[in-house]
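Q: Would you be able to build a 3D model of this:
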Amino acid sequence: MHHVFVNDKPIVLTTEVKKEDGFKNYLLATVNIGKVIRELNSTSLKAVRLIGYKEGKLLHKFLKLLPNVVAGGGKVYNEKGEILFIYRNNKWDLPKGKTEGKETIETTAIREVEEETGVTGLEITKPLKTTYHIFKRNGKHKIKITYWFEMKTIFNGALYPQENEGITKVEWLTPKESEKALENSYANIRILVD
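A: Residues are numbered from 1 along each chain as shown. Model prediction:
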């Protein structure tokens, strides 16, 4: 089972048909993805299930429905155990961005964290869950596939928000402050930090 978010509402890719209030089921093979996105954005639906036949092929089939944008990002810890957050579009988020050229996804993740926050000396400690969300640019919907990595650093210098990317704040947050920040964040980020 996979979750692809439209804002904070999930499209659940599954092989199971269930009837629940606030959910709608569609066949993945014949779905009109534009209609599903409109319904999630304009109705009280809580989620949509796209039903397929083979668990192993659900995500592959879904990713063919819209253009894909590949990104890398980091959940960065400092020596005090604080997590690096950015504030963009009036929400707390983790630093991430699109791949450039032929760089590896790990290189993308480190470069984006550095560019968006000013933090250097990053070391990847392990891969985290990959997240998926649908966004709209220039009137067209796309799926952002973000490969996340847990990172650590001993950096303790000044933080610099990348303002030309709409980032207004960069902060190290304690576990308690992170909990509070997640109340004003995205479902994908809550999955990574909880």
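
Q: contacts and neighbour counts: CA atoms only from here.
A: OK.

Q: Spell out which residues make up each domain of the chain.
A: For the chain, automatic domain parsing gives the domain ranges 2-63, 68-193.

Q: now the helices for this structure?
A: For the chain, helices defined by DSSP state H occupy the ranges 33-42, 58-63, 105-117, 175-182, 187-193.

Q: Of all the ones you listed, which one is nearest Gly22?
A: Evaluated with Cα to Cα, the helices of the chain place helix 33-42 nearest to Gly22, the distance being 10.4 Å.

Q: Not counting its own residues, what contacts that closest one?
A: Contact partners of helix 33-42, identified using Cα atoms under 8 Å, 6 or more residues apart in numbering, comprise Val6, Asn7, Lys9, Leu45, Lys46, Ala47, Val48, Leu65.

Q: what is Pro149 paired to in the beta sheet?
A: To be clear, residue 149 is Phe; Pro isn't right here. Note on Phe149: beta-bridge partners by DSSP bridges are Gly74, Pro127.

Q: Tell me how many other residues crowd it.
A: Other residues lying near Phe149 total 24 when counted by other Cα atoms under 10 Å.

Q: any idea how far it lies from Ile110?
A: Separation of Phe149 from Ile110 (Cα to Cα, to the nearest Å) stands at 9 Å.

Q: Report the set of residues contacting both of those two.
A: In contact with both Phe149 and Ile110: Gly72, Gly73, Gly74, using Cα under 8 Å, 6+ apart.

Q: out of the residues you listed, which is most surrounded?
A: Gly74 (32 neighbours).

Q: That residue reaches Thr153, doesn't it?
A: No: in this structure, Gly74 is not within contact of Thr153 by Cα atoms under 8 Å, at 11.4 Å.

Q: how much space is there between the closest residue to Gly81 other than its chain neighbours and Val76?
A: Once flanking residues are discounted, Gly81 sits nearest to Thr174: 7.1 Å by Cα to Cα, 6 or more residues apart in numbering. For Thr174, the distance to Val76 equals 12 Å [Cα to Cα].

Q: Then Ala181?
A: Distance, Ala181 to Val76, by Cα to Cα: 15 Å.

Q: neighbours around the nearest residue to Val113 once chain neighbours are set aside, how many?
A: Nearest residue to Val113, sequence neighbours excluded (Cα to Cα, 6+ apart): Pro95, at 5.2 Å. Neighbour count of Pro95, defined by other Cα under 10 Å: 27.

Q: ok, now the one 5 residues further on?
A: Using other Cα under 10 Å as the criterion, Glu100 is surrounded by 13 other residues.

Q: From Ile110, how far out is the residue sitting furthest away from the middle of the chain?
A: Largest separation from the mean C-alpha position in the chain: Lys19, at 27.4 Å (Cα atoms, centre = their mean). Per Cα to Cα, Lys19 is found 43 Å from Ile110.

Q: Great, nothing more from me.
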